[in-house]
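Chemist: Requesting a structural model of the entry that follows:
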Amino acid sequence: MSCFKFPLGGVVALASVCLSGSSLAEPISIIDHENRTITLNKPAERIASIPIPMASTIIAMDGGTSKLAGMNPTAKSAIMQGILGKIFPEAQNIPSDITAPNFIPNVEELAATNPNLVVQWAGRGADYVDPITNAGLNALLISYGTEEKARQYQSMVATAMGKPERAEANTRWREEVATEMADKAKAITETDKPRVLYLLRALESMKASGAKGNYNTFYIELAGGLSASADLEGNGVTISPEQIAEWNPDVILLNSFEADLDLERIHDDPILSLTNAAQDGRVYKMPLGGYRWDPPNQESPLTWMWLANLLHPQVFQYDLRAEMKDAYQKLYGYDLTEQDIDDILRLNTQGETANYAQFRAQ
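Modeler: Next comes the predicted model:
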């Protein structure tokens with residue numbers, strides 16, 4: 001039996017995926033993020049995904065939709081609103097009624113998808129898991145929110161489908177880009193690093209997250225920035241416009257989760273419009289590609305390069321459009337058109353913002 005292990009939150013806990021024997025026809029054992037062992041007699045042909053991010057991950061790790069048996073309705077909306085809905089229009093017919101809004105399984109609908117494996121959140125208790133296992137279904141529990149965990153659950157689901165090499169290739173890409181960016185960022189002095197605020201929510205309420213263990217802070221720092229909200233404790237902390245004015249960020253990143261959120265939310269606000277970010281035209285909404293680019297996902301290196309080019313265009317100088325075309329061919333077997341790229345990057349709504357002209361087709 002061969003096993004692949006990845007660090008999980010330190011040197012003690014490990015997530016593993018194991019292949020018994022040399023043939024994928026042999027049983028597959030996967031140790032999930034709750035240290036549970038899931039055994040499949042053969043590669044999974046039907047996987048149901050309750051966590052929002054995993055649906056697009058399954059598509060990317062498989063290269064298609066044939067193994068995605070069911071998904072979260074919010075995940076489906078992201079797919080159909082974004083480029084994956086164009087690449088894989090058949091996703092419209094994949095059931096999305098397998099879970100309630102709070103991620104509690106809808107067991108009857110879930111069982112009707114006839115899954116070999118059900119992906120569910122880890123660390124949320126018996127109400128989220130027992131209905132799955134009591135129905136005689138295999139549950140793979142994943143944790144979320146860091147680069148390390150993203151690599152781990154990608155490997156888990158790719159291995160479950162008998163395609164570990166696709167996760168390995170994605171991990172190599174991530175490592176190569178992160179290493180290259182860290183090396184280039186050495187040329188950036190602390191005084192030249194802009195203060196960047198990512199707003200997890202910005203419509204009915206405004207929410208930001210602290211620095212400790214936060215994925216958005218990870219890539220802000222990787223791209224040569226400083227987290228404006230680093231002093232907050234926890235994720236999704238409600239804040240006020242006055243707090244943002246006190247931080248006075250140089251760059252504001254708006255989440256891609258709120259479909260109706262646009263740059264005017266900042267520019268039309270009597271307080272937020274006075275921040276350095278608004279005054280200098282450095283307010284951006286996160287792109288929506290195969291998944292939303294703000295949280296960890298299979299396309300994350302593109303997020304890092306996008307932000308790096310915006311923060312320090314003289315230092316990084318990535319040909320983002322070429323990088324996107326290469327990534328989409330490898331992930332989805334799809335050739336992006338120039339219009340596809342414009343749509344993903346939201347060039348129609350933020351093409352005139354600071355440093356954004358670099359992303360236009362030449």
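Chemist: Wait, Q317 touches N309, no?
Modeler: Yes: the criterion here is CB atoms under 8 Å, and Q317 meets it with N309 at 7.1 Å. Every C-beta, even on glycine, is put in place using the N, C-alpha and C of the backbone.
Chemist: So for those two, which sits in the more crowded spot?
Modeler: Higher neighbour count among Q317 and N309: N309, with 21 against 13, using other CB atoms under 10 Å.
Chemist: List the buried residues in the helix or strand encompassing that one.
Modeler: N309 is part of helix 300-311 when elements are defined by DSSP states H and E. Buried residues in helix 300-311, defined by neighbour count with 16 or more other CB atoms under 10 Å: 300-311.
Chemist: try stretch 91-108
Modeler: 91, 94-99, 105-107.
Chemist: Looking at that stretch now, give me its mean pLDDT.
Modeler: For stretch 91-108, the mean per-residue pLDDT is 94.
Chemist: again with stretch 278-292
Modeler: In this model, stretch 278-292 has a mean pLDDT of 96.
Chemist: cool, and stretch 147-167?
Modeler: Stretch 147-167 comes out at a mean pLDDT of 97.
Chemist: Quick check: of the buried residues of stretch 91-108, which lies closest to K330?
Modeler: Distance to K330, by CB to CB, is smallest for A91 among the buried residues of stretch 91-108, at 19.3 Å.
Chemist: Go ahead and confirm that closest one touches M80.
Modeler: Yes: using CB under 8 Å, A91 is in contact with M80, at 6.8 Å.
Chemist: Quick check: buried residues in the one helix or strand I244 maps to?
Modeler: Assigned by DSSP H and E, I244 belongs to helix 241-247. Neighbour counts over helix 241-247 (16+ other CB under 10 Å) mark 241, 243-244, 247 as buried.
Chemist: What is the nearest of those to R195?
Modeler: Of those, the one sitting nearest to R195 (CB to CB) turns out to be W247, at 6.8 Å.
Chemist: which residues touch the closest residue to that closest one other than its chain neighbours?
Modeler: Using CB to CB, 6 or more residues apart in numbering and skipping the chain neighbours, the partner closest in space to W247 is A228 (4.4 Å). Going by CB atoms under 8 Å, 6 or more residues apart in numbering, A228 touches 195-197, 208, 247, 249.
Chemist: quick revisit: so what does the helix holding N309 touch, helix or strand wise?
Modeler: Applying 3 or more CB pairs under 8 Å, 6 or more residues apart in numbering; DSSP states H and E, we find helix 300-311 packed against helix 164-185, helix 215-222, strand 251-254, helix 320-332.
Chemist: what do you get if the cut-off is 10 Å, keeping everything else the same?
Modeler: If you count contacts as 3 or more CB pairs under 10 Å, 6 or more residues apart in numbering; DSSP states H and E, helix 300-311 packs onto helix 147-160, helix 164-185, strand 195-199, helix 215-222, strand 251-254, strand 283-285, helix 320-332, helix 338-345.
Chemist: can I get the CA coordinates of that helix in CSV?
Modeler: Coordinates of the C-alpha atoms in helix 300-311 are reproduced here as CSV (Å, rounded to 0.1, in the frame of the first residue of the first chain):
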residue,chain,number,x,y,z
SER,A,300,-6.0,29.8,-6.8
PRO,A,301,-2.6,30.5,-8.4
LEU,A,302,-4.5,32.7,-10.9
THR,A,303,-5.9,34.7,-7.9
TRP,A,304,-2.4,35.2,-6.6
MET,A,305,-1.0,36.4,-9.9
TRP,A,306,-4.0,38.7,-10.5
LEU,A,307,-3.5,40.4,-7.2
ALA,A,308,0.2,40.5,-7.5
ASN,A,309,0.0,42.3,-10.8
LEU,A,310,-2.5,44.8,-9.3
LEU,A,311,-0.4,45.6,-6.2
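Chemist: Now do it, average pLDDT.
Modeler: 98.
Chemist: and the angle from it to helix 320-332?
Modeler: 170 degrees (axes from the mean of the first three to the mean of the last three CA atoms, to 10 degrees).
Chemist: I figured W173 hits P301, correct?
Modeler: Yes: under the criterion of CB atoms under 10 Å, W173 makes contact with P301 at 5.9 Å.
Chemist: Identify the contacts common to these two.
Modeler: With contacts defined as CB atoms under 10 Å, 6 or more residues apart in numbering, the residues shared by W173 and P301 are A327.
Chemist: Low-confidence stretches in this protein?
Modeler: Along the chain, the model assigns pLDDT under 70 to residues 1-25.
Chemist: mind redoing it with 50?
Modeler: 1-16, 19-24 (pLDDT under 50).
Chemist: ok and the helix holding N309 relative to helix 215-222, angle-wise?
Modeler: Counting by the same axes, to 10 degrees, helix 300-311 points 50 degrees away from the direction of helix 215-222.
Chemist: So K186 versus V315, what's the distance?
Modeler: Relative to V315, K186 is positioned 10 Å away (CB to CB, to the nearest Å).
Chemist: quick one: which of the two has more around it?
Modeler: Legend: neighbour count by other CB under 10 Å for K186 and V315, higher for V315 (17 against 9).
Chemist: pretty sure A91 is touching Q81, no?
Modeler: No: counting by CB under 10 Å, A91 stays clear of Q81, with 11.3 Å between them.
Chemist: Which neighbours do those two have in common?
Modeler: The contact lists of A91 and Q81 share no entry, where a contact means CB under 10 Å, 6+ apart.
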